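Asker: turn this into a model:
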Amino acid sequence: MTVVEQTLFGTQSFLQFTLEARPVLGKPSAVLGNQVRVELWDNGVLFFKPQQSHLASSILLSVGVHGNETAPIEIIDQLVNDIFAERITVKHNLLIVIANPAAINARCREVDENMNRLFNADFTADNSVSDERQRSCRLMEYSRTFFDLKAKYKFHYDLHTAIRDSYYKKFAVSPNASELPITQQQFALLSQWGIEAILTTAKKNSTYSNFTANYCGAISFTVELGKVKPFGENDFSDFSSVITGLHAAISGDKNSMAATNVAKRFSVTGEVLKQTDVFRLCFADDIANFTEFEIGTVLATDKNYQYCVTESGERILFPNENVAVGQRALVIIKPED
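Answerer: Numbering: from 1, shown residues only. Have a look, this model is predicted:
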């Protein structure tokens, strides 16, 4: 353990300190031997500022929005350890966010509310709402502060794992305009990371990546890295390309990896909302994300409604009939080519 870690976290790692939910008073700070300044903004919110920050981009890496999605948490834990050990030199403004410590401790997706539906700029934190809603409000404030820094580019990668298997194991969702040159560059970069599919959507919603794209001016992605597994059961060899890519991104090094494939492109064409408690999905729990259905297939039913496939090529994504009433229970996507 380094002197800087001891200054900020005592005898614990950043992750251990975060999960103990200790109050953070002020913004404790220290400077690494490579002159990178480190500030602890809150429990689970860690800021790194390089010496030449006026030349830098700003990169937000968030994990743990859903507490049972452990692989991204373990990846970021190791990355932070490497930064403190100076095996990686941070060359860009970097904000690390472990979003939902309470759900991580409880080993569950959410405690009271799905945090990835709570990044709504109109929400305010008060004592009448859930802890997750209060936390999301603070994270929105920190994200605005971070992305207000002068930077060449602004990037946000919100790392997740999916509830069910996927035909494309690693995929990303982008709320940004896909025709922008910088967005196209990011698509190529994600292919280098081993991302197999990229979905674009113009629909605004209350996910973390949508918030930073629409209110902070970031090029943002929700990045799915496989299927949910308990702590200790993730095979890091499955994430080697992603880990290498993250290291290259924050250190300013060019990623020398050649993309093994060009990510397949999809567009979000619709969403199915759960309108009542009798909502049901009409396919088996083991049907994978990106599965295509024939025209006329009934995918979901509700009290006075059913959703049928109406166009050739329609596929499913993120099916979950257990969401709260009023929330999205299914995404409909189609290939772009």
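Asker: low-scoring stretches of this structure, by residue?
Answerer: 53-55, 125-128, 255-260 (pLDDT under 70).
Asker: for the chain, what spans make up the helices?
Answerer: Counting by DSSP state H, residue ranges of the helices within the chain are 3-9, 14-19, 70-84, 101-105, 131-147, 181-192, 208-215, 240-251.
Asker: just the ones you listed: most buried one?
Answerer: helix 208-215 (a mean of 23; mean count of other Cβ atoms under 10 Å). For every residue, glycine as well, the C-beta is placed using N, CA and C.
Asker: gap between that one and the chain center?
Answerer: 11 Å (Cα atoms, centre = their mean, to the nearest Å).
Asker: CA-only coordinates of stretch 212-229 in CSV, if you can.
Answerer: The C-alpha trace of stretch 212-229 is given here as CSV (Å, rounded to 0.1, in the frame of the first residue of the first chain):
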residue,chain,number,x,y,z
THR,A,212,-23.7,12.8,-19.3
ALA,A,213,-24.3,12.9,-23.1
ASN,A,214,-27.2,15.3,-23.0
TYR,A,215,-26.3,17.5,-20.0
CYS,A,216,-22.5,17.3,-19.8
GLY,A,217,-21.5,17.3,-23.4
ALA,A,218,-19.7,13.9,-23.2
ILE,A,219,-19.3,11.2,-25.7
SER,A,220,-20.9,8.5,-23.6
PHE,A,221,-21.5,4.7,-23.6
THR,A,222,-23.2,2.1,-21.5
VAL,A,223,-20.8,-0.8,-22.0
GLU,A,224,-21.9,-4.3,-21.3
LEU,A,225,-19.1,-6.8,-20.6
GLY,A,226,-20.8,-10.1,-20.4
LYS,A,227,-23.2,-11.8,-17.9
VAL,A,228,-23.6,-11.0,-14.2
LYS,A,229,-21.5,-13.2,-11.9
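Asker: which outside residues touch stretch 318-335?
Answerer: By Cβ atoms under 8 Å, 6 or more residues apart in numbering, the residues outside stretch 318-335 that reach it are 113-114, 117, 162-164, 199, 205, 264-277, 279-281, 283, 287, 289-290, 299-300, 307, 311, 313-317.
Asker: again with stretch 117-130
Answerer: 111-113, 132-134, 136-140, 205-208, 210-211, 215, 327-328.
Asker: run the chain-centre distance for it.
Answerer: Taking Cα atoms, centre = their mean, the mean C-alpha location of stretch 117-130 is offset from the chain mean by 19 Å.
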